[in-house]
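Undergrad: Predicted model, plus sequence, below.
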Amino acid sequence: MQNLFDLIGRLHPLVVHLPIGFILLGLLLIHYVPKNTGAEKVLPYVFFWASIASVASFLTGIIQYLQEGLSLDDVRLHLVFGLLTTLLCMLFYIKLKGATWLEKIAPRWWGWALFVSLVATGHFGGNLTHGEDHLTEPLPTALKTALGISSPPDAPLLIDPEKLEASMWFDDVVQPLLQQKCVSCHNAEKQKGKLALHRLESFQKGGKNGALIDVENPEKSLLWTRIHLPITDKKHMPPKSKTQLSAEEIALLQAWMGIGAPVAKTLAEAAVSPEILQAFYPPTQNHLMRFAELPSPSATVIQNLQNQGLLIAPLFKNSNGLKISAINWNAFTDKDINALASLAKNIVLLDLGNTQITDAVFETLQTFENLVDLKLDHTLVKGNSMEVLEQHAYLESINLVSSAFAVENLSKLYSFQTLEKVFLWDTPAAKEIEKSNLPQDKIQLFDFGEELLPKLPSDGIVY
Amino acid sequence: MDSLERLLKEYQLKNAEDHSRRHFLRNCTLGLGGIALGSLVHGCDRGVAQAPWYTPNRALNPLSVLPAPFAPKVKSVIYLHMVGAPSQLEMFDYKPELKKLHNQLCPDSLLEGKKFAFIRGRPTMLGPQANFVRAGQSGNWVSDYLPHFQKVVDEVAFLKAVKTDQFNHGPAQLLMHTGSPRFGRPSLGSWVTYGLGSENQNLPGFVVLSSGGTPDAGKSVWGSGFLPSVYQGVQCRSKGDPVLYLKDPKGIDRNLKKQLITAINDINFKTYAQQKDPEILTRINQYEMAYRMQLTVPEVMDINTEPEHIKELYGVAPGKESFANNCLLARKMVEQGVRFVQLYDWGWDSHGTDHSTAVDLGLRNKCREIDRPITALLMDLKQRGLLEETLVVWGGEFGRTPMQETREGKTMRYKGRDHHGEAFTMWMAGGGIKKGAVYGETDPIGYQSISGSVSVHDVQATILHLLGFDHETFTYDFQGRPFRLTDVHGSVIKQILA
């Protein structure tokens, strides 16, 4: 008997096409009746069978819903419109048979109401079988974003380290993971092993092998076992041919089960070791990435400078930010820097080490507003007038190793906005750093001095 | 006149070689197909496609700079390889439990199903021979074999459970440097030089320095495999002139030599235009590089020009072959824009067969030899601002057993350990590395990993990552398919990245 019901339920997608046919035929007849053919006499006959077929569809639908354990939330709209269509069909048939209390509504309006109700039923039914993004999925991405349709929810899990107090274990961590790696086979429509993982209730319900989580013995939980079985095992999940859980994801699920698989607790309330969460923090963007969007530099200018011996290359592929180095042009002087003026906004890393430049370069450097890393090592630069760089928004590092950097310019470094590292080894100023009262912590002024590694008494021993 | 005729004849014959009946037929049949194929398989040379305004011509200069696919953290690498496999149990992996088990017989459970290179029969456990201290602010363990290194331990991120499946030196070294235990693949340095080019046009992009001898796997560990040979490592001599024949011969001045080289290269380039063999470009490049190196190499390779306190810092031994000299040279080269500097130091195979390979004697001396130079290298790079943009990698080809070696089942006179690849220590320092990090843990006797096991391919993927590559998409087409350094393996070890 159970099997029979199962079969009847599964016939629902077939049976539904009968009322669709009848109703559409009826609607055509209402709107366009060939004259003098007596076709209008067929109308009650059509809607009689439409009603019968609607009821049959409705009943098979109910049976399928009960048999396959679908959740009411998923089928609600389909069910409501299906019922409405069935009722409208039957009422219209009664009206055609001459029920006076329905006389006031013209057949045209019946027709439109039936049409809307039928389309809605079909649409929500289609969403159940094919997924909600069935129609929007093939649209171009640009159009989708314009329409506000988000990308499919199988993006990799990200945990925001700032929002541990607000992120819920199930909704924000476990569910997105399941969504990405499990739901394609365990969802409302496709329930392999009678298991659906698309929402909390069905997750808690488990599948034909029982509940997924054993709170008392987390290691014996079904979920724990299945993800840990060797990949060659038939019961290993996800199956061999599907995208596997990463080691970090397994560690996360394991840690979650280890603390009792909390559902409505936040990550801060029910904490696991931070290393486990760390793997899912958004990747720290390399600081140079933000220069990807600069205006593109002139190819001819670059070609000319390269021919003169300057090393010019994009920071990385497809970056308009530039790395420029005079490594092959030791005769580079203050005048030569003027040639770089038209690339001013693109220069991010600039290496003028080992060249003939002096403090006069700062005037031009001032216009290189996107500078991050500046190398002026092994030059005659004293640092006079280097304060023109202090408003640069991105300047992080200045290398002045073995330059003529003078002690009186040391304090200027402290008014730089974003500077993090200054290398002053082997400069006149270096020897004064320790004597001065300048705070050492704000900027790292690396200088180990000359006494780096004292001789140890054991140094000379040969064993 | 005779000789002129002979030359003419030779020229005609040489020319005719390219115009035989076979050439004609081949050109007829393959020519058209080739044109069609060319449009089908465009973009085989994946290194070149770049921003439209940046067009380095690798046909003219195979070492021209190419930007990495992603923003890089470092631009150079110094790779320190201890040939023979250093004992992690005497240097970084502190195992007090093993000390308690010293001299006890090794239980079956540790031997079942295991293969050793030399151990036969039932060995005894060998406790750590060094004393360990927690060093630096990170409090990471370092043994007293490395007293200076303790000072820079905070700069370093340790991988305590690196794993290799090779337990003989040659294959393990090949795996470590080329991603495959068999010959034929390009080395890490070659991949990097191929992918990024070389910044200093007067120096090679990939330099190899060795002390004590050539690695067991031979020069293939810095070979270019199927990449054009211009990307292979250039080995500099560690004693005497670093590069031979740099001085102009008597009676030939630099200008004359330049003319000579230009003439030869012109001819070679014509042949290249005809045959498109990248090896011809390599040849051209080598002539030019040799000519330019005449000016720079004597300066860069001369450690005597360094100030006295720097020489003392590294503990160099001018005129001799030493790891300290090579460390100082490595810094000088990275300072000059050399992309990849590979150092090999021989003598770490501590089997305990004699005094020099005993873990309590010879190994200690080996540690002395590298302790000061490596510490100096890290500090010197740091004070010059170079550690930010350089990656320093230290390691061997595998690790050593917690058991005393019993070669041929016999008890040995000295304390020694056999090859062991299941868990050994490596470290990295420099740009993009999380300072003071430790990833991976071994069991209480240091035999196997209990967490954070990483493979050789993971290490390689991480190095490429720091240079701005995705190891999965950085490929070279050869014999009809794309090849990667990491083959089909490897994932970036995020845990040691800053």
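TA: Everything's here; your move.
Undergrad: I'd guessed A:Asn354 sits against A:Asn330; true?
TA: Yes: the criterion here is C-beta atoms under 8 Å, and A:Asn354 meets it with A:Asn330 at 5.7 Å. Where you see a C-beta, it was placed from the backbone N, CA and C, and this is true even at glycine.
Undergrad: What sits closest to B:Leu227 if chain neighbours are left out?
TA: Among residues not flanking B:Leu227 along the chain, B:Pro186 sits closest, at 4.4 Å (C-beta to C-beta, 6 or more residues apart in numbering or on different chains).
Undergrad: any idea of the pLDDT on A:Gly131?
TA: For A:Gly131, the pLDDT comes out at 71.
Undergrad: er, A:Leu349 I mean
TA: 94.
Undergrad: now swap in the one 5 residues further on and tell me
TA: pLDDT, A:Asn354: 93.
Undergrad: Show me where chain A dips below the pLDDT cut-off.
TA: When residues are selected by pLDDT under 70, those of chain A lie in A:141-142, A:144-154, A:283-289, A:292, A:434-443, A:446-451.
Undergrad: Domain-wise, how is it divided?
TA: As assigned by automatic domain parsing, chain A contains the domains A:2-144, A:161-278, A:289-446.
Undergrad: The ones you listed: which one's closest to chain B?
TA: Closest approach to chain B among the domains of chain A is made by domain A:289-446 (3.6 Å; C-beta to the nearest C-beta).
Undergrad: From A:Leu294, how far off is A:Met368?
TA: Let me fix one detail, which is that residue A:368 is Phe and not Met. Separation of A:Phe368 from A:Leu294 (C-beta to C-beta, to the nearest Å) stands at 12 Å.
Undergrad: Name the residues contacting each of the two.
TA: A:Lys345 (C-beta atoms under 8 Å, 6 or more residues apart in numbering or on different chains).
Undergrad: Comparing the two, which residue is more hemmed in?
TA: Between A:Phe368 and A:Leu294, A:Phe368 has the larger neighbour count (other C-beta atoms under 10 Å in any protein chain shown), namely 23 against 17.
Undergrad: Leaving out chain neighbours, which residue sits closest to the more buried one?
TA: A:Ile347 (4.7 Å).
Undergrad: and that neighbour, what are its phi and psi?
TA: phi -80, psi 120 (degrees, to the nearest 10).
Undergrad: what about stretch B:207-215, average pLDDT?
TA: 93.
Undergrad: Just give the number of residues close to the closest residue to B:Gly347 other than its chain neighbours.
TA: Spatial nearest neighbour of B:Gly347, excluding adjacent residues (C-beta to C-beta, 6+ apart): B:Gly212 at 5.1 Å. When neighbours are counted by other C-beta under 10 Å, B:Gly212 registers 18.
Undergrad: now A:Ile461
TA: By other C-beta under 10 Å, neighbour count at A:Ile461 equals 10.
Undergrad: Please name the nearest non-neighbouring residue to B:Trp191.
TA: Closest residue in space to B:Trp191, ignoring its immediate chain neighbours: B:Leu485 at 5.0 Å, by C-beta to C-beta, 6+ apart.
Undergrad: what's around that neighbour, how many residues?
TA: Around B:Leu485 there are 28 residues (other C-beta under 10 Å).
Undergrad: I'd assumed B:Asp458 was in contact with it.
TA: No: contact criterion C-beta under 8 Å: B:Leu485 and B:Asp458 do not qualify, at 11.9 Å.
Undergrad: Now do the shared contacts for those two.
TA: Counting by C-beta under 8 Å, 6+ apart, B:Leu485 and B:Asp458 have no common neighbour.
Undergrad: what about the residue of the stretch 351-498 of chain B found nearest chain A, is that helix, strand or coil?
TA: Chain A sits closest to B:Gly385 of the stretch 351-498 of chain B, with a gap of 3.6 Å, by C-beta to the nearest C-beta. Of the three states, B:Gly385 takes coil under DSSP: H, G, I helix; E, B strand; the rest coil.
Undergrad: can you pull the pLDDT of the residue nearest to the spatial centre of chain B?
TA: When chain B is reduced to its mean C-alpha position, the nearest residue by C-alpha atoms, centre = their mean turns out to be B:Gln342, at 4.3 Å. Here the pLDDT value assigned to B:Gln342 is 97.
Undergrad: just B:Gln495 next, same as before
TA: Listed pLDDT for B:Gln495 reads 91.
Undergrad: Apart from its chain neighbours, what residue comes closest to it?
TA: Nearest to B:Gln495 is B:Tyr439, by C-beta to C-beta, 6+ apart, at 4.3 Å.
Undergrad: got the phi/psi numbers for the one you found?
TA: Here is the backbone geometry of B:Tyr439 (degrees, to the nearest 10): phi -130, psi 130.
Undergrad: Let me see the contact set for it.
TA: Contact analysis of B:Tyr439 by C-beta under 8 Å, 6+ apart lists B:Ala157, B:Phe158, B:Leu159, B:Lys160, B:Ala161, B:Gly452, B:Val454, B:Ile493, B:Gln495, B:Ile496.
Undergrad: Isn't the residue nearest to B:Leu227 up against B:Trp222?
TA: No: contact criterion C-beta under 8 Å: B:Pro186 and B:Trp222 do not qualify, at 9.6 Å.
Undergrad: Not counting residues beside it along the chain, what's closest to the residue positioned nearest the centre of chain A?
TA: The C-alpha lying nearest the average C-alpha coordinate of chain A belongs to A:Ala155 (C-alpha atoms, centre = their mean; 4.8 Å). Nearest residue to A:Ala155 in three dimensions, chain neighbours excluded: A:Gln180, at 7.2 Å (C-beta to C-beta, 6+ apart).
Undergrad: For burial, what's the neighbour tally of that neighbour?
TA: 18.
Undergrad: and the helix or strand harbouring B:Ser3, how far from the chain's centre?
TA: B:Ser3 belongs to helix B:2-17 when assigned by DSSP states H and E. Its chain's C-alpha centre lies 45 Å from the corresponding centre of helix B:2-17 when counted by C-alpha atoms, centre = their mean, to the nearest Å.
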